[in-house]
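> could you look at this predicted model? Sequence included:
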Amino acid sequence: MPELPEVEVTRRSFADRIAGALVLSVRVGKPLRWALGCDPVELAGRRVVVVRRRGKYLLIELDEGLLLVHLGMSGSLAFAESLPPPGPHDHFELLTDRGVLRLHDPRRFGAVVFAPDEASSEAQKLLGHLGVEPLSDDFDPMRFYAGLHLRNTAVKQVLLGGELVVGVGNIYCSEALFGAGIRPTMKASRISRPRAERLWRAIREVLARAVEAGGSTLRDFQSAEGRSGYFQLQAMVYGREGLPCHVCATPVRAIKQGQRSTFFCPNCQKS
């Protein structure tokens, strides 16, 4: 599924082009994970102010209100002056005077939700529980260590939970733990301060590299410009079960944690 780097790459690929656009009409297709929350006709005549990101949500700020977009398991956005007629998996279109923004989502786990503003109950229901942004200055190593110290579950599950730090999804979690030399099954509360700082640094480095690489395209992810990502070609452990570790040549192992695949090197990540 699209993770933080893919969502950020998507944002960057159309945010500047749609800023200032006048909404002409909205088309809603088959029901998505959550309802839009307003009559689509009401959005016509509003202008796009800016597109931001919070965790895995895109926040399309209008001069009146806000659209929260989640790509779900299989969603992607396209933005162009004109697009082909919508297909069976195209479930939302924002037609503007600068182009069409279209959500394509075969599995329909994504969503577009209208909220009056970010502080409203509609927005806070989705955003209120999210942790700190890992690529922001608010992601502090000491607070990160203190948060880990309070949690007695496996560190990978803590990171995936998104309440301590947001957006470190499955791919990048495995990669960051490898970079820090920490086994994914280790209890978060047992991680020392120096190792927590290494993990903090690894999270930032992995996510930044993933954004620069255009994200990861494992199945069909594309940016709003139709470009695929290439971070998966740089992966040290993710998706490499049985292949030699790039550092020590030990075969990479895979286990299940919370129904998600976890990849690690049993030698480089001994504890």
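Sure, I can see it.
> so what touches stretch 172-180?
Stretch 172-180 has contacts (CB atoms under 8 Å, 6 or more residues apart in numbering) with 3-5, 155-156, 159-160, 168, 183-184, 195, 198-199, 201-203, 205-207, 210, 235-238, 262-265, 268-269. Quick note: C-beta positions are derived from backbone N, CA and C, even for glycine.
> give me the subset of these lying in helices.
4-5, 155-156, 159-160, 195, 198-199, 201-203, 205-207, 210 (DSSP state H).
> write the PyMOL selection for whichever of the residues you listed are buried.
PyMOL command restricting these to the buried ones, with burial defined by 16 or more other CB atoms under 10 Å:
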select buried, resi 4+5+155+156+159+160+195+198+199+202+203+206+207+210
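> which two of the ones in helices among the contacts of stretch 172-180 have the greatest separation?
Pairwise distances across those (CB to CB) peak at 23.8 Å, for the pair 5 and 195.
> any low-confidence regions in this structure?
Scanning the chain with the threshold set as pLDDT under 70 gives 1, 217-226, 228-230.
> where exactly do the helices run in it?
Using DSSP H, helices in the chain cover 4-18, 121-127, 141-149, 155-161, 170-180, 193-212.
> send me the third one as CSV with only the CA atoms.
When you say that, I think you mean helix 141-149. C-alpha atoms of helix 141-149 as CSV (Å, rounded to 0.1, in the frame of the first residue of the first chain):
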residue,chain,number,x,y,z
PRO,A,141,15.4,12.0,19.4
MET,A,142,14.9,12.4,23.2
ARG,A,143,11.1,12.4,23.0
PHE,A,144,11.3,9.4,20.7
TYR,A,145,13.4,7.5,23.2
ALA,A,146,11.1,8.4,26.0
GLY,A,147,8.1,7.2,23.9
LEU,A,148,9.8,3.9,23.2
HIS,A,149,10.7,3.4,26.8
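> buried set for that helix?
Buried positions in helix 141-149, judged by neighbour count with 16+ other CB under 10 Å: 144-145, 147-148.
> let me have the residues you listed in a markdown table, adding distance to residue 128 as columns.
What follows is the buried residues of helix 141-149, written out as a markdown table (distance: CB to CB, whole Å):
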| residue | distance to residue 128 |
| --- | --- |
| 144 | 20 |
| 145 | 24 |
| 147 | 17 |
| 148 | 22 |
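> closest one of those residues to residue 124?
Nearest to residue 124 among those, with distances taken as CB to CB, is residue 147, at 20.9 Å.
> tell me how far that closest one lies from residue 53.
22 Å (CB to CB, to the nearest Å).
> ditto for residue 83
According to CB to CB, residue 83 stands 23 Å off from residue 53.
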